[in-house]
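>>> What shape does this take:
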Amino acid sequence: MEYRTHTIARGFAFPEGPRWHAGSLWFADQHDARVRRLAPDGQLLEEFPVPGRPSGMGWLPDGSLLVVSMLERRLYRRDGDALRLYADLSSVHPAHSNDMVVDATGRAWVGNIGFDFHGGESTRATAIARVDRDRGVHCAATDLLCPNGSVVTPDGRTLIVAESLASRLTAFTIEADGTLGGRRVFAALPEGHVPDGICLDAEGCVWYASPYSHAVFRVRDGGEITDSAPIADAMPYACMLGGADRCTLFICVAPDHDPEQTVKLRGGRIDVATVATPGAGLP
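Take a look at the predicted model:
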């Protein structure tokens, strides 16, 4: 099925990493170095700065927010109006940190680009960092090509990661001690699809934003694409299922991904579509 979208908020630089939490949409306006929180209708409720450009977000069991700083390769914890260092990711991440999911136990799984994308550096494989509740940082998985958007299934036993530069979604079994095993391809995607941000629905399907395809797609375990939401005039970079029934697909959209251009253009926006199957799992 092809879903139609409409815009609920605009004027951002580069919206990324959307999260539905406590009745609001949170996202990183990455190139504007701010996190923003919107009401379901798009009204701005809150914003705050994050050093080094924010990316992935998640919440610990005590309700406190964790947010990734891309350029600093750090994870911050929000304490009131202040951000305090939670973990240094540089021992695992050779280049910009990126998207993240925090599971129900409070473990954070953080991807990274692996090379200087905007600086023209050659592509190379990289690793996912795992940050435990004691704030220890560990290498969770290696040999991934730009591990990006990630989700954890409702039972807490499977981590699915978008390998942006491999055009695939990769799944791991989460063991009781947090180690990852049973690596497998969840979905090999069509040529030219570059999966960025992802979210999971109640049927176990993954929605993934594919910026160069100008659409968001829903794919089953095994690779069958069942639905899409085209974005004809810009590029979708991430998506999240939210709303009161979790059937609203929020899509982060921008006309470009170059930091200088996005700040100048401020063409970033949040589009939405109402879909048939509600969201599930984390984030």
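>>> what about residue 34, neighbour count?
17 (other C-beta atoms under 10 Å). From N, CA and C alone the C-beta is placed, and that goes for glycine too.
>>> quick one: it and residue 50 touch, right?
Yes: between residue 34 and residue 50 there is a contact at 6.7 Å, judged by C-beta atoms under 8 Å.
>>> Overlap in contacts, the two.
When contacts are counted by C-beta atoms under 8 Å, 6 or more residues apart in numbering, residue 34 and residue 50 are jointly contacted by residue 28.
>>> any idea where the helices of this protein begin and end?
Remark: helices assigned in the chain by DSSP state H are 259-265.
>>> Low-confidence regions, it specifically.
Applying pLDDT under 70 to the chain picks out residues 117-121.
>>> now the strands: where do they sit in the stretch 1-150 of the chain?
6-12, 15-21, 24-29, 34-38, 44-49, 54-59, 65-69, 74-79, 82-88, 97-102, 108-112, 126-131, 137-144, 147-152 (DSSP state E, counting those that start in this stretch).
>>> Could you dump those into CSV and include distance to residue 161?
CSV is the format used below for the strands of the stretch 1-150 of the chain (distance: least, C-beta to C-beta, whole Å):
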stretch, distance to residue 161
strand 6-12, 26
strand 15-21, 14
strand 24-29, 18
strand 34-38, 22
strand 44-49, 28
strand 54-59, 12
strand 65-69, 15
strand 74-79, 17
strand 82-88, 19
strand 97-102, 9
strand 108-112, 6
strand 126-131, 7
strand 137-144, 7
strand 147-152, 5
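>>> closest one to residue 254 among those strands?
Distance to residue 254, taken as C-beta to C-beta, is lowest for strand 15-21 among the strands of the stretch 1-150 of the chain, at 6.7 Å.
>>> how far off strand 147-152 does that closest one point, in degrees?
10 degrees (axes from the mean of the first three to the mean of the last three C-alpha atoms, to 10 degrees).
>>> Adjacent strands (with direction) for strand 15-21?
With DSSP bridges as the test, strand 15-21 is paired with strand 24-29 (antiparallel).
>>> Now do the partner strand against strand 97-102, angle only.
With the same axes, to 10 degrees as the basis, strand 24-29 and strand 97-102 are set at 160 degrees to each other.
>>> What lies in contact with strand 24-29?
Against strand 24-29 from outside (C-beta under 8 Å, 6+ apart): 12-20, 34-40, 45, 47, 50, 53-57, 67, 238, 240, 242, 250, 252, 268, 270.
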